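> Take this sequence and fold it.
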Amino acid sequence: VLVIFAIQIAGGIFGFVRRNDLENIVTDGMKETQLNYDPRDPDLTDTKAWDEVQRKVKCCGVDNYTNWNNITGWRDVFDESFPLVYPGSCCPFPNSTYIGTSNQTVQFCYVDAPDFYSQGCFDEILSEVKQYWKAIAGAGVGVAVFELLVITMACCLQTAIKKD
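Have a look, this model is predicted:
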């Protein structure tokens, strides 16, 4: 139990010291999943995830909406002739259009649409985390204190048992 406690403390310290690396890892992961986005396949996990995040967080792209200019799945549907068109989840009231021979509906937003989410999702999510970091850190410290208390009580119990 003491070893697990030491590993948790070491992990917390490592995470705090390397928090900037963590930001890069998260950003890279977000950009990688964005590359898999395909508006023609709304059931694709990455497509659903991006649409859900952008709607709930009210953001567009990783750094900002221009990230979508380089996403092949998106540009296969809306090529260079539609330079100001972005996924429908980048605004509260998207437009719809039919694509291909299957008449599949794809939602999109114009960059000049009212309430278009131009902020990147990473910055918005990071801002939320920073807003609650004290509570998160406090919970971590609380768990560590509780574990230390349990370890101390176990040692006391072991000592009492040995005396009998």
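> Can you give me the pLDDT of residue 157?
Residue 157 is assigned 89 on the pLDDT scale.
> SS state for it?
The three-state assignment at residue 157 reads helix, by DSSP: H, G, I helix; E, B strand; the rest coil.
> so where's the longest strand in this structure?
As assigned by DSSP state E, the longest strand anywhere in the chain is strand 104-110.
> what helices or strands is it leaning on?
With contacts taken as 3 or more C-beta pairs under 8 Å, 6 or more residues apart in numbering; DSSP states H and E, strand 104-110 sits against strand 85-87, strand 95-99. Any C-beta I mention is one placed from the backbone N, CA and C, and that applies to glycine too.
> Distance of the residue in the chain sticking out farthest from the centre relative to residue 157?
Distance from the C-alpha centroid of the chain, by C-alpha atoms, centre = their mean, peaks at residue 164 (54.8 Å). Between residue 164 and residue 157 the distance is 11 Å, computed by C-beta to C-beta, to the nearest Å.
> cool, and residue 30?
As judged by C-beta to C-beta, residue 30 and residue 157 stand 48 Å apart.
> Show me which of those two is the more surrounded one.
For the pair residue 30 and residue 157, the greater number of neighbours falls to residue 30 (20 against 10), based on other C-beta atoms under 10 Å.
> Quick check: that one touching residue 62?
Yes. Using C-beta atoms under 8 Å, residue 30 makes contact with residue 62 at a distance of 4.7 Å.
> can you list residues touching both of the two?
121-122 (C-beta atoms under 8 Å, 6 or more residues apart in numbering).
> and residue 139, how many neighbours does it have?
Number of residues near residue 139 (other C-beta under 10 Å) recorded here: 11.
> gap between stretch 27-45 and the chain center?
Counting by C-alpha atoms, centre = their mean, to the nearest Å, stretch 27-45 is centred 13 Å from the centre of its parent chain.
> now swap in stretch 44-51 and tell me
Relative to the centre of its chain, stretch 44-51 is centred 12 Å away, using C-alpha atoms, centre = their mean.
> any idea how far residue 163 is from residue 66?
Look at residue 163 and residue 66: by C-beta to C-beta, they are 71 Å apart.
> repeat for residue 42
23 Å.
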